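Engineer: please work out how this folds:
(chains A and B)
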Amino acid sequence: MKQRPLALVGVLLIASMAFAVSPARAERLIVSVSNHRVTVTPNYSGEELVLFGSVERDANTPPSRTSYDLVVTVIGPRADMVTRRKERRFGIWINTDYREFLKVPTYLALFSNRPFDAIASSEVQRRQQLGLNNVLLTQRVGTDYADVVPNDAFRSAFVRLRMEHGLYREETSAVTFLTPTLFRTGIPLPAEVPIGTYEVDIKLFSDGALAARTETAFDIVKVGFEQFVATTARQDGFVYGLVTAFMALMTGWMASIVFRKD
Amino acid sequence: MQLYLPIADIPVNIFLILAMGAAVGFVSGMFGIGGGFLMTPLLIFIGIAPAVAVASVASHIAASSFSGAIAYWRRRAIDPALAMVLLSGGTIGTALGVWTFTLLRSLGQLDLMIALSYVVLLTTVGGVMFWEGLRSMLRVRRGVVVPLRRSGSHVWIHGLPMKMRFKRSKIYLSVIPIVVVGMVIGFLGAVMGIGGGFILIPIMIYLLRVPTSTVIGTSMVLTLVTMVFATMLHAVTNHLVDAVLALLLMTGGVTGAQFGARWGQKIRGEHLRLLLGLLILSVGLRFAIELVIRPDDLFTIREIGSTG
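Structural biologist: Predicted structure coming up:
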C-alpha cells in the first residue's frame, strides 16, 4: 500500500507556514456566519447556517484579476474513530481487520464555487487540502501514523459512511458569488451533528493560487432533557445507574400495586 | 410520535417501543418468563446498537422481575436461603459478564458474540422445548400416561459436598451447583441482556430438584438482583444504558405482562411449551440468518474517544 509518510506531512506543514507569512497580500476576506451559536433542541431536524463574505480589493490588486474561486472548509470537533471491515470466516460475517483514525473531524464539509480541478492544480489541491480526497485523515497503521492514498479501502469506506450520515460532505457548486466579490454559502447541519466548536476555513484562489485566507468559527450546543440524560450518563455513570435502577424498581413496584389481584 | 433516544442516538417512534414492550410483556406474562431474550433481539432488529439494547434491557427486566418478586413474596413462594446462595454466584457472574462485555466491545467483536450466543442458546433451548412440547402433545393425544420421575431419585449433583438445608424448599443440597448456576445465569444475563429465567427454571426443577412452589419466585429474586447489578455496572463502565428507552419498555412490559398472565392460564401446558419453543427457535434462526447473509455494508465506524 502506498503511504504518505509523516515526515512529508511535516515538510508540507512548514512549507505552508512559509507560504502564509509571504507578504504583499492584495485581497482581504471579510466573512460572517448567520449564527455563531446553534442550539440543537430535541425536535431539531437539521438546519442550514449561512456564511456570507466579501472580497476586499486594495491598491496592490492587479486590475486584470477579476475572477475568484472560493473554498470553504468546515471542521467539526475532532475525535478518534475506528473503522472495521467484515469478512466471511467459517460461513459467517465477522469483523476482522480494522484501522484507527486519530483526531479526525466528526463533521467535515467542503464547499466551493466550481470543481476543485478547475480551481487549482492537483499539487495545490493536495497542499491546501481541497476536497475530501485531499483532507488529511491520520490513521494508525501498525506503529506508523500517516494518511494513506485516497482510494485506500478503509479511508474511502470511512468517508463514505460519514457522508451517508450527512456528516462529511463535498459540494463544488455550493458557493455562489452574488457579485464578483460578494459570496455566500449554506452550511447544512443534520440532526446528528456532534456538539462542540466548528472551525470554518475560507480560502480565496485566483489563477490557481491561494490569494487570501481567513477563519471563523461557530458553536453547536444541545439543550433539552435528552441531552441532559446523555451528558449525565457519560459524566456521572454511577448516579445515572442508581437513578435508572431506582426507576426500574419503582415501575415494578407500581405495577404490582396497580395490578394487584388479591 | 418521534422521540430521540439519548444514548442509543437514534429517533424512534414512541408507540412502536411501547407496543414492543407490551407485546413482549404479554408473552412473558403468558409463559411466566422475563422476556429479555425476546426484547433484546427485537431492539437489535429495529436498529438499536446491540450493546445499548443489552444494557437497557437489563433495567427493563429488573422492573418486571421486581413486580413479579413482590407478588411471589406475598405468597411466601420465595426461598430466601436458596436465593442468597444463588445470588452469591449471580453477582460474581454478572461482574464477570460486564467485564467480558467491555473487553469484547473494545475488540470489536461484541455484536458478533451477542449474535452467536443468541443463535446457540436460543436454537438449543427452543429446539428442546419445541420437541418436548410436541412429544407430550402427541402422548396426550394417544392417551399415554407418563410417570413423573420421583423427586427422591438421586443424580451425581446430590453427591457433592458442602450440603445445606433449604427449609422453605424442603431440599438438602450442596451449595456448589447452586453457586455455579447463579454465576452462569449472571454472566449470560450481563452479556446477552436476558434475565435467564427460561434457562434457570428448567435447571432448578430438573437438576437441582427445587419444588415448583418456590422455583419461580426464587429465580425472580436472582433475576432482579443480577439485573439491577448489571444496570449499575453497564452504566458505570460502558455508559450504554438508555434510561428513556428503558422507561418506555418497562411501561409497556409491566402492562402487557398482566394480560399475558391471564391468557396463559387458559392454554394447556404442552401447547404453551410448544408455542414458546417455536418462538425461541425462530428468534435464534433470525440471528443465524443475519450472520450468514452478506451484510449491506462490510464497514462500520465507531467513535473510540472524543478529544474535544
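
Engineer: now for the residue of the stretch 151-300 of chain B found nearest chain A, how many residues are close by?
Structural biologist: Nearest residue of the stretch 151-300 of chain B to chain A, counting by CB to the nearest CB: residue B:235, 3.0 Å away. Bear in mind the C-beta positions are built from the backbone N, C-alpha and C, glycine included. Residue B:235 has 28 neighbours, counted by other CB atoms under 10 Å in any protein chain shown.

Engineer: mind checking which helix or strand the residue nearest to it when sequence neighbours are not counted is in?
Structural biologist: Using CB to CB, 6 or more residues apart in numbering or on different chains and skipping the chain neighbours, the partner closest in space to residue B:235 is residue A:241 (3.0 Å). Counting by DSSP states H and E, the element that carries residue A:241 is helix A:237-258.

Engineer: which residues in the stretch 151-262 of chain A form strands?
Structural biologist: A:168-171, A:176-177, A:182-189, A:196-206, A:209-222 (DSSP state E, counting those that start in this stretch).

Engineer: for the closest residue to chain B within the stretch 101-250 of chain A, give me its contacts.
Structural biologist: Here the stretch 101-250 of chain A gets closest to chain B at one residue, residue A:241, 3.0 Å apart by CB to the nearest CB. The neighbours of residue A:241, taking CB atoms under 8 Å, 6 or more residues apart in numbering or on different chains as the test, are B:231-236, B:241.

Engineer: how close does the most centrally placed residue in chain A get to residue A:114?
Structural biologist: Against the mean C-alpha coordinate of chain A, by CA atoms, centre = their mean, the closest residue is residue A:108 at 1.8 Å. For residue A:108, the distance to residue A:114 (CB to CB, to the nearest Å) stands at 20 Å.

Engineer: cool, residue A:87 as well?
Structural biologist: 40 Å.

Engineer: secondary structure element holding residue A:32?
Structural biologist: strand A:27-33.

Engineer: next SSE after that strand?
Structural biologist: Downstream of strand A:27-33, the first helix or strand assigned by DSSP H and E is strand A:37-40.

Engineer: strands paired with that next one, and their directions?
Structural biologist: If you go by DSSP bridges, strand A:37-40 pairs up with strand A:209-222 (parallel).

Engineer: report the buried residues of the partner strand.
Structural biologist: Going by neighbour count (16 or more other CB atoms under 10 Å in any protein chain shown), the buried part of strand A:209-222 is A:210-213, A:216, A:218, A:220, A:222.

Engineer: stretch A:251-262 too?
Structural biologist: Buried residues in stretch A:251-262, defined by neighbour count with 16+ other CB under 10 Å: A:251-252, A:254-256, A:259.

Engineer: got TSV for those residues, with distance to residue A:150 and pLDDT too?
Structural biologist: Formatted as TSV, these follow (distance: CB to CB, whole Å; pLDDT from 0 to 100):
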residue	distance to residue A:150	pLDDT
A:251	52	88
A:252	55	85
A:254	57	86
A:255	57	82
A:256	61	80
A:259	61	73
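
Engineer: which ones among those also lie next to chain B?
Structural biologist: Counting by CB under 8 Å from any CB of the partner chain, A:251-252, A:254-256, A:259 from those sit close to chain B.

Engineer: for the stretch 51-200 of chain A, just list every one of the helices.
Structural biologist: Using DSSP state H, counting those that start in this stretch, the helices of the stretch 51-200 of chain A run over residues A:116-119, A:122-127, A:153-164.

Engineer: looking at those helices, which is closest to residue A:177?
Structural biologist: Residue A:177 lies closest to helix A:116-119 among the helices of the stretch 51-200 of chain A, at 13.1 Å (CB to CB).

Engineer: list the buried residues in the closest one.
Structural biologist: Quick answer for helix A:116-119 (16+ other CB under 10 Å): A:116, A:119.

Engineer: how far away from the center of its chain is the longest strand along chain B?
Structural biologist: As assigned by DSSP state E, the longest strand anywhere in chain B is strand B:299-306. Centroid separation for strand B:299-306 versus its chain: 29 Å, with CA atoms, centre = their mean, to the nearest Å.

Engineer: list the pairing partners of that strand within its sheet, with orientation.
Structural biologist: By DSSP bridges, strand B:299-306 pairs with strand A:78-89 (antiparallel).

Engineer: need the contact partners of the strand it pairs with.
Structural biologist: With contacts defined as CB under 8 Å, 6+ apart, strand A:78-89 is touched by A:93-106, A:153-154, A:157-158, A:161, A:194, B:108, B:294-295, B:298-308.

Engineer: drop anything exposed from these.
Structural biologist: Among the contacts of strand A:78-89, the ones that count as buried by 16+ other CB under 10 Å are A:93-95, A:99-102, A:104-106, A:154, A:157-158, A:161, A:194, B:108, B:298-301.

Engineer: return the residues of the stretch 101-250 of chain A in contact with chain B.
Structural biologist: Near chain B, when you scan the stretch 101-250 of chain A using CB under 8 Å from any CB, you find A:103, A:106, A:154, A:157-158, A:160-162, A:191-192, A:196, A:226-227, A:229-230, A:233-234, A:237-238, A:240-245, A:247-249.

Engineer: taking those residues, please make a ChimeraX selection of just the buried ones.
Structural biologist: To isolate the buried members of these in ChimeraX, using 16+ other CB under 10 Å:
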select /A:106,154,157,158,161,162,192,196,226,227,229,230,233,237,240,241,242,243,244,245,247,248,249
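
Engineer: count the neighbours of residue B:74 for me.
Structural biologist: Applying other CB under 10 Å, we find 13 other residues in the vicinity of residue B:74.

Engineer: and what of residue A:177?
Structural biologist: Residue A:177 has 15 neighbouring residues, counting by other CB under 10 Å.

Engineer: what residues are up against residue A:200?
Structural biologist: Residue A:200 touches A:31, A:33, A:51, A:72-75, A:187, A:215-218, counting by CB under 8 Å, 6+ apart.

Engineer: redo that, cut-off 7 Å
Structural biologist: Contacts of residue A:200 were listed using CB atoms under 7 Å, 6 or more residues apart in numbering or on different chains, and they are A:33, A:51, A:72, A:74, A:215-217.

Engineer: just the pLDDT for residue 134.
Structural biologist: Because you didn't say which chain, this covers chain A. pLDDT recorded at residue A:134 is 83.

Engineer: think we crossed wires, I meant chain B
Structural biologist: Per-residue pLDDT puts residue B:134 at 84.

Engineer: my read: it touches residue B:271, true?
Structural biologist: No: with contact defined as CB atoms under 7 Å, residue B:134 does not count as touching residue B:271 (10.4 Å).
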